[in-house]
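Trainee: pasting the structure only:
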């Protein structure tokens with residue numbers, strides 16, 4: 001866990017009847033069963049088509065759905081079926097908050113969510129086996145940024161929108177990776193369980209939602225409960241489109257916290273691979289847009305955001321000057337956050353549009369002239 005407070009929270013166990021239900025729902029025994037479940041709709045498609053870049057996979061599924069139907073149409077139907085609990089208007093505030101602070105979100109995702117995720121040894125072995133994060137680290141990070149950028153575009157996550165389509169592409173990419181690892185000697189399911197299984201997928205949602213919000217608050221950003229609930233609601237639906245089972249999509253931020261505690265305590269097992277992945281990420285992203293921060297400063301941000309316990313396990317240290325820089329940034333973010341609360345809505349919307357445009361320029365700089373060479377065909 002990232003902090004002593006979270007460790008104490010886990011050790012104390014449930015303190016309300018609802019928490020007792022959630023602790024049981026996400027017990028280690030139940031989570032272990034989810035490690036033997038993957039994504040049948042997407043996997044059935046991947047088993048019948050060759051490995052392509054994400055956009056190419058969805059194009060192929062759509063083409064074969066028109067000519068063959070079957071598993072291809074079943075996948076599209078699942079992605080386009082909107083659960084009864086979904087209200088897209090309830091996601092709008094969360095979409096705007098993510099859009100408003102997209103750059104900070106990227107910093108937190110890189111230095112906190114992903115780094116802490118590498119301390120979960122079993123899911124991290126997929127990255128080790130595919131070699132993607134060692135060979136082309138920065139490109140993969142910018143592709144992740146492109147996905148997040150598309151999610152907060154004007155269409156949001158409504159079916160037919162670019163954000164929704166991007167999630168479908170990601171889901172098929174995960175299925176293609178699972179297909180690639182079938183009988184692959186570089187990945188041992190006896191040791192690590194099925195690759196990109198349901199527990200891992202639920203953990204990915206936590207990285208983009210729970211851990212990002214936690215990190216933004218640690219950097220001094222003021223996020224009220226209404227905003228937090230909308231951000232969580234947005235990722236709950238995103239998880240559905242990505243193929244996460246309904247019972248792993250938490251309905252409240254309190255339930256989400258229990259899932260995060262239980263999942264991390266179930267998977268936390270940092271190894272030398274964890275340290276290598278974390279440092280490869282931060283080293284590759286040093287001096288790159290939009291922050292152009294040095295490796296030492298990125299290490300300091302990471303240590304501050306993930307906490308000393310995890311940082312020590314990953315051998316992530318910070319120098320005194322770099323740690324001081326992090327404290328200065330936190331002070332500035334806290335001050336700006338207070339100022340944003342005083343702005344009228346029209347000014348906030350202009351700020352959100354400016355940050356969104358900055359994100360687009362950053363992604364173009366990071367991905368080069370052809371963003372679709374490996375990643376997603378379109379950018380919001």
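Mentor: Everything's here; your move. Everything quoted here is computed from the prediction, not taken from an experiment.
Trainee: Quick check: chain neighbours aside, which residue is closest to the residue nearest the centre of the chain?
Mentor: Centroid-nearest residue in the chain: residue 208, 3.2 Å away (criterion: Cα atoms, centre = their mean). Of all residues not flanking residue 208 in the chain, residue 235 sits nearest, at 6.0 Å (Cβ to Cβ, 6 or more residues apart in numbering). All C-beta spots, glycine's among them, are computed from the backbone N, C-alpha and C.
Trainee: Let me see the contact set for that neighbour.
Mentor: The neighbours of residue 235, taking Cβ atoms under 8 Å, 6 or more residues apart in numbering as the test, are 94, 205, 208, 209.
Trainee: Out of those residues, who's the most crowded?
Mentor: The most neighbours of any of these, using other Cβ atoms under 10 Å, belong to residue 209, which has 26 neighbours.
Trainee: Residue 44 contacts residue 78, correct?
Mentor: No - in this structure residue 44 lies outside contact range of residue 78 using Cβ atoms under 8 Å: 10.7 Å.
Trainee: Which one of the contacts of residue 235 is nearest to residue 299?
Mentor: Each of those was checked against residue 299 using Cβ to Cβ; the closest is residue 208, at 22.3 Å.
Trainee: so what's the closest one up against?
Mentor: Residues near residue 208 by Cβ under 8 Å, 6+ apart: 109, 113, 148, 235, 238.
Trainee: And residue 163, by the same measure?
Mentor: Here residue 163 is in contact with 150, 151, 152, 153, 155, 156, 157, 380 (Cβ under 8 Å, 6+ apart).
Trainee: what separates it from residue 95, distance-wise?
Mentor: With distances taken as Cβ to Cβ, to the nearest Å, residue 163 is found 9 Å from residue 95.
Trainee: Please identify every residue contacting each of the two.
Mentor: 151, 152, 156.
Trainee: Per-residue pLDDT of the second one, please?
Mentor: We have a pLDDT of 96 for residue 152.
Trainee: ok so, going back, from residue 231, how far off is the residue nearest to the centre of the chain?
Mentor: With Cβ to Cβ as the criterion, residue 208 and residue 231 are 10 Å apart.
Trainee: What segments of the stretch 251-380 of the chain are helices?
Mentor: If DSSP state H, counting those that start in this stretch is used as the criterion, the helices of the stretch 251-380 of the chain fall at 253-267, 272-285, 295-306, 308-313, 320-341, 345-367.
Trainee: Any idea which of the ones you listed gets closest to residue 89?
Mentor: helix 345-367 (15.8 Å).
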